[in-house]
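Here is a sequence together with a model predicted from it:
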Amino acid sequence: MDFKHAYKDAKRIKQIVSVLFKVGLGYYIDNLRLSHHLFMHQRVQIDEKPKDLPRKLRMAMDELGGTFVKLGQLLSLRPDLIPDEYCEEFEHLQDDVTPISYEIVKKIIETELKSSLNQIFSYFDKEAIASASIGQVHKARLLNGVRVVVKVQRPNIKQLMEEDIDLLYHLAEISQSRIPELAKYNPKSLVDEFNRYTLDELDYLKEGRNIEKFYNNFKDYEKLKVPKVFWDFTSNKVLTMSYIDGIPIDDKQGFKDWGCDEKILSNNLADIFLKQVFEFGFFHADPHPANVFVLPNNKIALLDYGICGSLKEKDQENLIDMLISLVNRDINGVVEKFLSLGVLEDKNDELVEELSSMVEEYAESTAEQIDSIKLFNEMISIAKKHDFKLPADFVLLVKAIITIEGVGKSLDPKFNLGDKLHEYTDSLVSRRLRPSHIAKEFVDSVTEFKDNITLIPKQINEILMKLRKGELGVHFERKDLIQLEREIDKSSNRVSMGIIIAALVVASALVLQVNHGKWLSVAGFAIAIFLTIGLLISVMNERRVVV
């Protein structure tokens, strides 16, 4: 099996290298020292870097198909990982492949659902209505007459993609060590991200849970139609859901024939998206036109829930705060909340300054003039430049916002998602003033305080154990140490002077009771008064200097 696996890997690498050479990337083949995988007549030294690298990479991914197309599509959603020109080019990747035969589809369904096809469906369309690298979709009808669509995973696709991902890890490691200009993008981390999302997309049960979550969130919302999952006929490799008879949102003539209005549709699309983000914290991360359908009465349907994003409650609140600060033109508030979304390993004043300078450009603008979409995009660019780590789902959110903006403008040139965001702030502020929200905030704070209190004994015990073992050290940073020493000396002298004065007063009072001690007592009181006046003058002079 090892020999067979090695043979398949060698064959696939040869195919990858041949495609890279074909599209004009021979320079990088030489640098990666992979020329030995080429035919003899192709092994030519190439010293000139190729021009238009994003386009050539997209062409190679298109030809290699499957895993590589999915990789490009995922990277197109992550402007925090790769430059914008690559994201824009990879958006053109088409995941459209030859469908597998009906016989294979039938076998997969029957194996997964442990029933014959005619025991599940009264009708099953042998022709696929959509076909992609991971699976394909067929129309069908259940025995009770309900119309459904069935998504069926391609045979052995998980194994094939895992083998390709292993090769991608290998290529990422050698590119990171042999091509310095690629090392800064950390190719291995790109493959890590891709691997994580691929595992999710290969699990139709997870996609089913995403759909059900959307279905429950929007079941009473008249502007959005979400398919229903039929769990009795769903598995890791088969997903059965209700059929939605709609028209792609980029088919303007089609939905105009239904009497739909482009302006209403664009507004409905924005409302649906804002509701996903700010009310549920769970959103469709890839709302491109092929995944958005129009239904009669200006209703919208979302398809393909393989990639969804979710915001933690804390991140959701920070995003709301950032939006409110932006509308109120509170520059510090925008920057502070943006920084609280991510992770910065080392203090970086330059990052803060760049963010502040960028946001300051909007300081004199009215709420309507602020381009929120452009602002978010620029913030991510600055974050990427300074190695500021943002949550992956927040970056997916910004990319989804940009996609929604593009789809909205294709419907209505005057559409501006930024305007809708600003309108939405009023409802967000009102929501925060509700007694239920205030009560929840109070309960959360008390719970957090209680949790922290219960941790204190354990933390103290850990500190004492480390002290006992000599494992705890103190790092002291010297800043204005001389001035600090002077202040300590001055304070110590004053305390000493106060003690002396108090001692003189007490001693003089005691001596006053002794025979023939009156003159000594008067002298003691006089010295005490003299020292007190001097101490008061010293304190008053220092206060004048501070003021």
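That came in fine, so what should we check first? Fair warning: this is a prediction, and the values are worked out from it, not measured in the lab. Numbers count the residues shown, from 1 in each chain.

do you know how far Leu326 is from Leu351?
Going from Leu326 to Leu351 by C-beta to C-beta, to the nearest Å gives 18 Å. In short, each C-beta sits where N, CA and C put it, glycine included.

Which of the two has more residues huddled nearby?
Neighbour count, other C-beta atoms under 10 Å: between Leu326 and Leu351, Leu326 has more, with 26 against 19.

Who are the packing partners of the helix or strand containing that one?
Following DSSP states H and E, one finds Leu326 within helix 313-327. Counting contacts by 3 or more C-beta pairs under 8 Å, 6 or more residues apart in numbering; DSSP states H and E, helix 313-327 is packed against helix 331-341, helix 372-385, helix 392-411, helix 417-432.

repeat that for 6 Å
Applying 3 or more C-beta pairs under 6 Å, 6 or more residues apart in numbering; DSSP states H and E, we find helix 313-327 packed against helix 331-341, helix 417-432.

And the average pLDDT for that helix is what?
Helix 313-327 carries an average pLDDT of 78.

now the angle from it to helix 331-341?
Relative orientation of helix 313-327 versus helix 331-341 (axes from the mean of the first three to the mean of the last three C-alpha atoms, to 10 degrees): 160 degrees.

so how far is helix 313-327 off the chain centroid?
Averaging C-alpha positions (C-alpha atoms, centre = their mean, to the nearest Å) puts helix 313-327 14 Å from its chain's average.

Now that helix: buried residues?
315-327 (16 or more other C-beta atoms under 10 Å).

Kindly report the same for stretch 244-259.
Quick answer for stretch 244-259 (16+ other C-beta under 10 Å): 244, 246-247, 249, 252, 255.

Turn those residues into JSON lines, columns for distance to Lys219.
Output for those, formatted as JSON lines (distance: C-beta to C-beta, whole Å):
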{"residue": "Ile244", "distance to Lys219": "15"}
{"residue": "Gly246", "distance to Lys219": "18"}
{"residue": "Ile247", "distance to Lys219": "23"}
{"residue": "Ile249", "distance to Lys219": "22"}
{"residue": "Lys252", "distance to Lys219": "29"}
{"residue": "Phe255", "distance to Lys219": "23"}
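
Now Gly65: phi and psi?
phi 70, psi -170 (degrees, to the nearest 10).

And the protein, split by domain according to the record?
102-158+201-308, 312-437, 481-546 (automatic domain parsing).

Now Cys308: closest residue in space, sequence neighbours ignored.
Leaving out its chain neighbours, the residue that sits closest to Cys308 by C-beta to C-beta, 6 or more residues apart in numbering is Asn210, at 4.7 Å.

So what's the residue count around the one you found?
When neighbours are counted by other C-beta under 10 Å, Asn210 registers 21.

now Lys11
11.

quick one: it and Gly26, what's the gap?
For Lys11, the distance to Gly26 equals 20 Å [C-beta to C-beta].

Look up how far Leu467 lies from Arg196.
Distance, Arg196 to Leu467, by C-beta to C-beta: 41 Å.

Quick check: Glu293 touching Ala301?
Rather than Glu, residue 293 is Phe. Yes. Using C-beta atoms under 6 Å, Phe293 is in contact with Ala301, at 4.2 Å.

what's the span of stretch 94-110 from first residue to last?
30 Å (C-alpha to C-alpha, to the nearest Å).

Mean confidence (pLDDT) on it, please.
The model assigns stretch 94-110 a mean pLDDT of 89.
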